[in-house]
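Enquirer: Kindly generate the corresponding structure for this input.
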Amino acid sequence: MHSPAYIPNLENLPPSAVLVTRDAAAALGRAPQTLRKWACYECGPLRPVRINGRLAWRVCDLQRVLQGGAA
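Expert: Residues are numbered from 1 along each chain as shown. Below is the predicted model of the structure:
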C-alpha cells in the first residue's frame, strides 16, 4: 500500500512552481490517474508541462482551478 500523498500548501509556493502528478492530485482532491487521463485525452481543466518526459502541473493552474476558474 502506498503512503498518503503529501498535500502541498499552494499558497506557500511561487506561481511558477510545478508539482508532480501525485502532489497535484492531492491538492485537487483527485486521484493521480485522473490527472494522467486529462493529460492523455486533453479533456480536463488543466494542461501539464512535460519535464524529461514526465508530467508536471503548474501551481498557478492548480490555484485557478481550485478558485473555480476555467482552463
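
Enquirer: contacting residues for residue 39?
Expert: 47, 48, 55 (Cβ atoms under 8 Å, 6 or more residues apart in numbering). For every residue, glycine as well, the C-beta is placed using N, CA and C.

Enquirer: And the closest residue to the last one other than its chain neighbours, how far from residue 61?
Expert: By the measure of Cβ to Cβ, 6 or more residues apart in numbering, the closest residue to residue 55 outside its immediate chain neighbours is residue 48, 4.2 Å from it. The spacing between residue 48 and residue 61, counted by Cβ to Cβ, to the nearest Å, is 9 Å.

Enquirer: same question, residue 39
Expert: In terms of Cβ to Cβ, residue 39 sits 12 Å off from residue 61.

Enquirer: overlap in contacts of the two?
Expert: In contact with both residue 39 and residue 61: residue 47, using Cβ under 8 Å, 6+ apart.

Enquirer: Tell me the secondary structure of the closest residue in space to residue 38 that isn't next to it in sequence, please.
Expert: Nearest non-adjacent residue to residue 38, counting by Cβ to Cβ, 6+ apart: residue 44, 2.7 Å away. Secondary structure, DSSP: H, G, I helix; E, B strand; the rest coil: residue 44 is coil.

Enquirer: okay, now residue 44: neighbour count?
Expert: 18 (other Cβ atoms under 10 Å).

Enquirer: Pretty sure it sits against residue 30.
Expert: No. Judged on Cβ atoms under 8 Å, residue 44 makes no contact with residue 30 at a distance of 9.2 Å.

Enquirer: From the contact counts, what lies against the lengthiest strand in the chain?
Expert: The longest strand of the chain (DSSP state E) is strand 54-58. Judged by 3 or more Cβ pairs under 8 Å, 6 or more residues apart in numbering; DSSP states H and E, strand 54-58 is in contact with strand 18-20, helix 21-28, helix 32-41, strand 49-51.

Enquirer: Kind regards, and thank you for your time.
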